[in-house]
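1. Model the following, please.
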Amino acid sequence: MNRFWILFLFLLLTGGCFKETQIPPEVFLVEQQEADLWRAQAPLYLPHEYENYRENLNKSKRNLLEINHRFPWFRDYEPIRTEFLKLLKEGEELKQRLQTEKEKKRRVLLDQIDSLQEKINLLSKLTFLYHGKHSLRDHLAKAEVALTEAKILIKENQLISSEKKLPAVETHLNKVQEGIYPLLARYQHPEWIAKWKKWAREAIEESREKDIYSILIIKSEKKLVLYKKGEPVRIYPVGFGKNGWMDKLQSKDHATPEGRYQIIGKNPRSMYFKALLLNYPNEEDRREFERLKKKGLLGKKATIGGLIEIHGGGRESLTYGCIALDNGPMEELYHKVEIGTPVTIIGARDERNSLSLALIELQRGNEEKKNP
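-> Numbers count the residues shown, from 1 in each chain. Here you go, the predicted structure:
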């Protein structure tokens, strides 16, 4: 009799007399679902929703653990199955929302990348046109590298990592803009525009009245226009130094002077093929130099510089403030003009020049970014 009870108790304790209950398969499906959501970066895109999902999951896991601690014949998994079915539905909804958020972020990122690429293209064109400072080109190059990395990451569906690259792009582009704004602003300023228009008008009138050649150099157009009797007879593409679009203030600033000059010398054997020497600095240049120096806007050791020429060697050749032409056009110009020929150098002929329009475009882009 005692053996019977011992065997009965053993079977009772081990559940041998009862059908073994199984953990619902939904439990394992939810575990896989949670791992998939984590790998899909749900915590980053939907932090609050994912946290709620995790809290519900942990609560259901505690309930499951409590049931597993009961004797086998007291285990009822049906309520747990219901909980995990609800979790599967919640996780599926979370997955769909996650996909929607990712697509939304992808579209936003692509728009940002397109906008930054447009700005890079514009700034790249501007820095190339006037051979901008090396520091500006360095910032531009770093912006291009960072944006390329962002594009690669977005193709690999690493949207968060891609997004983290964009502030670096913007930082470098802001540096380029800060450096280039003073240059562009001159080409929009009414006072400069009025001065340039006056000089151009006087140069053309002098050519007409005296029946002579007159040279007009327009920086914003990178053109040298040769006038005769007040009419343009030849147009030559030209190049400047790295600060050529700025007005020359002192020696070694690599800027090209602006004003009304004359050819005072011809050099048939220049190191830059052939050259026409201008009378820079003229009296107006000297007065302006002394004024800036007295106001402390130039260094005490600053000098005014000189030896400004129109020369050959190629419009993309290295020049430190001169006006450069390709050798063929330089040969032609050299033989057409004489010593005494007036030369007028201006920034632009009117308000709607390439640089003022570039500034407007940059400003519009910045405004659109502030007020999307």
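
2. any low-confidence regions in the stretch 1-150 of the chain?
-> 1-21, 128-134 (pLDDT under 70).

3. hmm, 90 instead?
-> 1-23, 40-41, 44-45, 67-77, 118-119, 121-138 (pLDDT under 90).

4. Strands of that one, residue ranges please.
-> Remark: no strands are assigned in the stretch 1-150 of the chain by DSSP state E, counting those that start in this stretch.

5. Could you tell me the model confidence score at residue 255?
-> We note a pLDDT of 89 for residue 255 in this prediction.

6. Likewise for residue 179?
-> pLDDT, residue 179: 82.

7. Also residue 309?
-> Per-residue pLDDT puts residue 309 at 95.

8. dump the residue contacts of it.
-> 267, 270, 272, 275, 276, 277, 278, 322, 323 (Cβ atoms under 8 Å, 6 or more residues apart in numbering). Every C-beta, even on glycine, is put in place using the N, C-alpha and C of the backbone.

9. Write down the beta-bridge partners of it, one by one.
-> residue 277 (DSSP bridges).

10. Look up phi and psi at residue 279.
-> Here is the backbone geometry of residue 279 (degrees, to the nearest 10): phi -90, psi 50.

11. Quick check: closest non-adjacent residue to it.
-> The shortest distance from residue 279 to any non-neighbouring residue, by Cβ to Cβ, 6 or more residues apart in numbering, is to residue 264 (4.7 Å).

12. related to what we said a few turns ago, mind putting the contacts of residue 309 in TSV, distance to residue 316 and pLDDT included?
-> Below are these laid out as TSV (distance: Cβ to Cβ, whole Å; pLDDT from 0 to 100):
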residue	distance to residue 316	pLDDT
267	21	94
270	17	90
272	12	91
275	17	95
276	19	96
277	22	96
278	21	96
322	13	93
323	13	94
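
13. Weed out the non-buried ones from these.
-> Those of the contacts of residue 309 that meet the buried threshold are 270, 272, 275, 276, 277, 278, 322, 323, by 16 or more other Cβ atoms under 10 Å.

14. these two touch, right, the last one and residue 258?
-> By that I understand residue 323. No. Counting by Cβ atoms under 8 Å, residue 323 stays clear of residue 258, with 11.5 Å between them.

15. Quick check: neighbours shared by these two?
-> residue 345.

16. buried residues in the helix or strand harbouring residue 179?
-> Taking DSSP states H and E as the criterion, residue 179 maps to helix 159-186. Using 16+ other Cβ under 10 Å as the test for burial, helix 159-186 gives 159, 162-163, 165-166, 168-170, 172-173, 175-177, 179-180, 183-184, 186.

17. just checking, next helix/strand downstream of that helix?
-> On the C-terminal side of helix 159-186, the closest following helix or strand by DSSP H and E is helix 190-210.

18. which stretches of the chain form helices?
-> 2-14, 25-39, 42-45, 47-68, 78-129, 134-155, 159-186, 190-210, 283-294, 327-336, 354-370 (DSSP state H).

19. Quick one: closest of those to residue 238.
-> Nearest to residue 238, of all the helices of the chain, is helix 327-336, at 8.7 Å by Cβ to Cβ.

20. That closest one packs against which elements?
-> Packing partners of helix 327-336 (3 or more Cβ pairs under 8 Å, 6 or more residues apart in numbering; DSSP states H and E): strand 223-228, strand 231-237, strand 273-278, strand 309-311.

21. Please identify which of those is closest to residue 117.
-> strand 231-237 (28.0 Å).

22. quick one: that closest one to strand 223-228, angle?
-> With axes from the mean of the first three to the mean of the last three Cα atoms, to 10 degrees defining the directions, strand 231-237 sits at 150 degrees from strand 223-228.

23. before we move on, the earlier item: now the residue nearest to residue 279: how far from residue 306?
-> Noted for residue 264: a distance of 11 Å to residue 306, by Cβ to Cβ, to the nearest Å.

24. Looks like residue 250 contacts residue 305 (just checking).
-> Yes. Judged on Cβ under 8 Å, residue 250 makes contact with residue 305 at a distance of 6.2 Å.
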